[in-house]
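Asks: From the sequence below, what's the structure:
(one chain, ligands or ions: 1)
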Amino acid sequence: MEKKRVVIIGAGVSGLAVCKHLLERGCQPVVFEAGSALGGVWARVPDCTELQTPRPMYQYSDFPWPESVTQVFPDHRQVVAYLEAYARHFGVLGCIRFGHRVVGMEYDGVAEEAVAAWGEWAGNGQAFGSGDGEWRLSVADAEGHVEMHTADFVVLCIGRFSGVPSIPTFPAGKGPEAFDGQVIHSMEYAKMGTTKAKEMIRGKRVTVVGYLKSALDIAAECAEVNGIAHPCTMVVRTKHWIIPDYFAWGVHISKLYLNRFSELLIHKPGEGFLLSLLATLLTPLRWAFSKFAESYYSIPMKKFDMVPDHSLFDALAACLIAITPKDHYKRLEEGSIVLKKSKTFSFCKEGVIVREGESSLIKSDIVIFGTGFKGDEKIKDIFTSEYFRSIAVGSTSTTVPLYRECIHPKIPQLAVIGYSESISNLYTSEIRAKWLAHFMDGGFTLPNITAMQKDVIEWEKYMKRYSGRYFRRSGIAIIHTWYNDQLCRDMGCNPRRKKGFFKELFEVYGPGDYVDLRPKKE
Ligand SMILES: Cc1cc2nc3c(=O)[nH]c(=O)nc-3n(C[C@H](O)[C@H](O)[C@H](O)COP(=O)(O)OP(=O)(O)OC[C@H]3O[C@@H](n4cnc5c(N)ncnc54)[C@H](O)[C@@H]3O)c2cc1C
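Replies: Numbers count the residues shown, from 1 in each chain. Sure, this is the predicted structure:
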């Protein structure tokens with residue numbers, strides 16, 4: 001691999017992990033990072049943003065958090081410091097070219113018709129194919145100068161919670177253009193930095209659209225700055241399970257949802273007859289687990305009529321859970337945050353019109369969309385050719401087609417790390433990075449394209465079954481061990497990593513279980 005030209009795009013949690021594991025195998029990748037700092041989303045979040053995943057789950061398997069960090073949910077500065085230390089320790093820092101955005105890439109050397117006709121991925125099922133094809137990347141620096149780079153393999157680690165904002169559409173004359181005030185997306189708010197952002201909202205009537213992590217954090221910041229003098233209004237279209245921590249009635253919910261036993265209660269991709277039968281028979285137990293946890297978490301929600309229509313299990317399956325910012329309910333009580341539930345809303349000159357039974361006007365100076373991102377478009381947009389753009393992310397009725405959530409069956413010499421979500425995206429990206437490095441180092445070949453596509457469809461069925469309308473989020477949280485098992489088997493490693501039957505069945509798998517993930521033959 002030493003001689004291979006490998007480009008990683010993005011220096012967030014995923015890009016850093018991929019780079020570290022490639023360096024270990026003698027490869028010298030170049031990491032192009034559009035921003036001026038590493039850490040991806042963590043380098044640009046509202047001031048009060050903290051990790052939502054407990055720290056031990058959000059750590060690289062061979063790089064523990066420093067002892068000075070004791071919080072269960074470290075803040076974003078601590079996350080960035082941890083990632084910087086990791087990058088420095090493993091020599092990743094020297095590979096990163098900051099301020100370099102990849103603005104386009106095309107596959108060169110093999111005609112697209114030939115690529116489309118291949119039965120084996122990249123022509124032979126191997127990372128670098130036959131050696132005829134390569135990627136040509138256009139890379140713009142901070143001044144806008146564009147250079148061309150070539151690569152034998154590209155790893156897209158461009159993240160899905162940044163870059164392309166998802167903004168609701170409105171009928172003509174009812175969108176932001178009708179409003180006299182300022183409209184921004186959470187991404188722009190985060191980019192401003194703390195001082196400027198707080199200055200912007202000070203003394204202003206702020207309306208935040210959305211009720212997940214970014215929206216909740218921005219509303220918390222508004223409430224802190226403006227108190228009850230200028231309450232922040234949150235427009236809530238969908239109620240979500242926002243929970244204070246992971247303990248329900250004293251039981252850590254990972255014990256109910258995230259161990260091998262809980263995976264037995266779920267239909268899994270590629271399961272055989274017996275596991276399928278067991279999952280069907282145990283479905284009532286899954287329902288009971290969910291009701292048990294919901295009965296606890298819904299207590300503060302009931303007061304504000306905020307209990308979601310979907311179950312906590314559904315939310316976990318789609319990775320749609322947020323940790324409640326500190327004092328959220330206190331702020332609702334005191335009135336520094338006001339909730340307006342409304343399935344639809346529109347803009348007018350003075351603010352936002354919501355329909356909660358009757359229409360009402362929320363007079364606003366600033367409206368902030370905390371409505372998420374279109375991570376799939378970011379992947380599509382990076383390709384120059386129409387062919388790759390048309391197949392890169394599937395359609396609205398399919399998942400983004402990634403074999404092992406990493407490899408597009410029809411796009412050669414390229415991997416995507418960090419698209420599909422889990423309980424801890426760092427943990428998931430790291431194990432994928434190990435799998436990818438092993439594959440690129442010749443550790444195994446991929447199955448043929450038809451087999452990969454069949455596998456993708458099996459996973460799609462699972463995602464549609466358990467994540468419903470959110471299936472395109474590609475959440476694997478509730479079967480993360482089942483998923484990891486497949487990666488382990490591909491690498492020739494033993495997927496059973498705990499000592500003893502009961503530990504294997506009831507303990508939750510995490511980064512620590514995969515420290516010495518060495519293929520048996522190595
Ligand atoms: C507010 C917030 C809180 C979160 N909390 C959690 C949590 O508690 N637990 C959890 O598991 N996950 C959480 N997440 C999800 C989070 O996105 C992942 O944990 C993880 O940080 C993703 O890392 P990544 O490297 O895949 O992507 P990103 O962090 O998005 O990094 C992608 C990088 O690629 C760069 N890039 C993109 N396009 C290009 C290009 N064309 N050229 C060059 N560079 C490019 C970007 O500048 C960026 O630095 C949170 C996300 C947000 C927004």
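Asks: Please name the bridge partners of the residue most central in space within the chain.
Replies: With distances taken as CA atoms, centre = their mean, residue 421 lies nearest the centre of the chain, 4.6 Å away. Beta-bridge pairing of residue 421 under DSSP bridges involves residue 475.
Asks: pretty sure it is touching residue 319, no?
Replies: Yes - with contact defined as CB atoms under 8 Å, residue 421 counts as touching residue 319 (4.1 Å). The C-beta positions use only the backbone N, C-alpha and C, and glycine is treated the same way.
Asks: Now the lengthiest helix in the chain: buried residues?
Replies: Ordering each helix of the chain by length in residues (DSSP state H) puts helix 283-303 first. In terms of neighbour count (16 or more other CB atoms under 10 Å), helix 283-303 has its buried residues at 286, 289-290, 293-294, 296-298, 300-301.
Asks: Residue numbers of the stretch 51-200 of the chain in contact with the ligand?
Replies: By CB under 6 Å from any ligand atom, the residues of the stretch 51-200 of the chain that approach the ligand are 51-53, 58, 101-102, 157-159, 161-163.
Asks: Quick check: residue 137 is in a strand.
Replies: Yes - according to DSSP: H, G, I helix; E, B strand; the rest coil, residue 137 belongs to a strand.
Asks: Return the alpha-carbon coordinates of stretch 313-328 using CSV.
Replies: What follows is stretch 313-328, C-alpha atoms only, in CSV (Å, rounded to 0.1, in the frame of the first residue of the first chain):
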residue,chain,number,x,y,z
PHE,A,313,-37.6,2.0,20.4
ASP,A,314,-38.4,3.6,17.0
ALA,A,315,-36.5,6.7,17.9
LEU,A,316,-33.4,4.6,18.9
ALA,A,317,-33.7,2.6,15.7
ALA,A,318,-33.6,5.8,13.6
CYS,A,319,-30.9,7.4,15.9
LEU,A,320,-33.4,10.2,16.6
ILE,A,321,-32.8,10.8,20.3
ALA,A,322,-31.3,13.9,21.9
ILE,A,323,-30.0,14.6,25.3
THR,A,324,-32.0,17.4,26.9
PRO,A,325,-29.9,20.5,27.5
LYS,A,326,-29.4,21.3,31.1
ASP,A,327,-32.4,23.1,32.6
HIS,A,328,-34.6,22.7,29.5
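Asks: hmm, it in reach of the ligand?
Replies: No - Stretch 313-328 lies apart from the ligand when judged by CB under 6 Å from any ligand atom; the minimum separation is 7.4 Å.
Asks: Can you give the distance of the helix or strand hosting residue 459 from its chain's centre?
Replies: Assigned by DSSP states H and E, residue 459 falls within helix 449-467. Distance of helix 449-467 from the chain centroid (CA atoms, centre = their mean, to the nearest Å) equals 19 Å.
Asks: which secondary structure elements does that helix contact?
Replies: helix 312-317 (3 or more CB pairs under 8 Å, 6 or more residues apart in numbering; DSSP states H and E).
Asks: if we can go back for a sec, farthest pair within the buried residues of helix 283-303?
Replies: The span of these, defined through CB to CB, is set by 286 and 300 at 24.4 Å.
Asks: Can you list the neighbours in contact with the helix holding residue 459?
Replies: Contact with helix 449-467 is made by 118-121, 266-270, 313-314, 317-318, 398-399, 401-405, 407, 409-410, 446-447, 471-475, 478-479, as judged by CB atoms under 8 Å, 6 or more residues apart in numbering.
Asks: Show me which of the residues you listed are buried.
Replies: Buried by 16+ other CB under 10 Å: 118, 120-121, 266-269, 313-314, 317-318, 399, 401-405, 407, 409-410, 446-447, 471-475, 478-479, out of the contacts of helix 449-467.
Asks: Next, check the residues you listed against the strands and list the overlap.
Replies: The strands, defined by DSSP state E, take in nothing from the buried ones among the contacts of helix 449-467.
Asks: what is the rounded mean pLDDT of the helix holding residue 459?
Replies: The average pLDDT for helix 449-467 rounds to 97.
Asks: what does the model give residue 517 for pLDDT?
Replies: 85.
Asks: ditto for residue 423
Replies: On the pLDDT scale, residue 423 gets 87.
Asks: What residues sit buried inside the helix holding residue 459?
Replies: So for helix 449-467, counting by 16+ other CB under 10 Å, buried means 449, 452, 455-456, 459-460, 462-464, 466-467.
Asks: Take these and lay them out in JSON lines including distance to the ligand.
Replies: Below are these laid out as JSON lines (distance: CB to the nearest ligand atom, whole Å):
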{"residue": "449", "distance to the ligand": "26"}
{"residue": "452", "distance to the ligand": "22"}
{"residue": "455", "distance to the ligand": "22"}
{"residue": "456", "distance to the ligand": "20"}
{"residue": "459", "distance to the ligand": "19"}
{"residue": "460", "distance to the ligand": "21"}
{"residue": "462", "distance to the ligand": "20"}
{"residue": "463", "distance to the ligand": "18"}
{"residue": "464", "distance to the ligand": "23"}
{"residue": "466", "distance to the ligand": "19"}
{"residue": "467", "distance to the ligand": "16"}
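Asks: Export those residues as JSON lines, with columns for distance to residue 437.
Replies: Below are these laid out as JSON lines (distance: CB to CB, whole Å):
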{"residue": "449", "distance to residue 437": "22"}
{"residue": "452", "distance to residue 437": "19"}
{"residue": "455", "distance to residue 437": "21"}
{"residue": "456", "distance to residue 437": "22"}
{"residue": "459", "distance to residue 437": "22"}
{"residue": "460", "distance to residue 437": "26"}
{"residue": "462", "distance to residue 437": "26"}
{"residue": "463", "distance to residue 437": "26"}
{"residue": "464", "distance to residue 437": "31"}
{"residue": "466", "distance to residue 437": "30"}
{"residue": "467", "distance to residue 437": "29"}
